[in-house]
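**Q** need a structure here:
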Amino acid sequence: MNLRHWQRKHRVKFIAAIVFGACIGAVAGIRRIDASVNQDFYWLFLGLWVGSGAMIGAVVAFVRQLMRR
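**A** Residues are numbered from 1 along each chain as shown. Predicted structure coming up:
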């Protein structure tokens, strides 16, 4: 399924799911990471949490779109 063939409203919902997943990942990462960790590693781990949340949001939105058809 090609993303370029999706309707505009579905693409907007897909982007919204990615942003929502990234926000949930950021909140989860902030709560899980110990603040005493070295500052460089803190931002690395937080970025991994945000990226993981965005990926999960994208996968969920893509699967939902596949199930619609």
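**Q** Show me which residues of stretch 42-61 are buried.
**A** Going by neighbour count (16 or more other C-beta atoms under 10 Å), the buried part of stretch 42-61 is 42, 46, 49, 50, 52, 53, 54, 56, 57, 58, 61. Placement of C-beta: from N, CA and C, glycine included.
**Q** Stretch 13-28 now?
**A** Result for stretch 13-28 [16+ other C-beta under 10 Å]: buried residues 14, 17, 18, 21, 22, 24, 25, 26.
**Q** Leaving aside the residues adjacent along the chain, what's closest to residue 13?
**A** residue 61 (6.6 Å; C-beta to C-beta, 6 or more residues apart in numbering).
**Q** so where does the one you found fall, helix or strand?
**A** In this assignment (DSSP states H and E), residue 61 forms part of helix 39-68.
**Q** Does anything pack onto that helix? Which helices or strands?
**A** helix 8-32 (3 or more C-beta pairs under 8 Å, 6 or more residues apart in numbering; DSSP states H and E).
**Q** Residues touching the helix it packs on, excluding its own?
**A** 3, 6, 45-46, 48-58, 60-62, 65 (C-beta atoms under 8 Å, 6 or more residues apart in numbering).
**Q** Dump stretch 60-69 to CSV, keeping only the CA atoms.
**A** Taking Å, rounded to 0.1, in the frame of the first residue of the first chain, the C-alpha atoms of stretch 60-69 are listed here in CSV:
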residue,chain,number,x,y,z
VAL,A,60,-0.8,1.2,14.6
ALA,A,61,-2.1,3.8,12.1
PHE,A,62,-0.8,1.8,9.1
VAL,A,63,-2.3,-1.4,10.4
ARG,A,64,-5.6,0.4,11.0
GLN,A,65,-5.5,1.8,7.4
LEU,A,66,-4.8,-1.7,6.1
MET,A,67,-7.8,-3.1,8.0
ARG,A,68,-10.1,-0.4,6.6
ARG,A,69,-9.9,-1.7,3.1
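**Q** So which bits of that stretch are buried?
**A** Neighbour-count burial for stretch 60-69, counted by 16+ other C-beta under 10 Å, picks out 61, 65.
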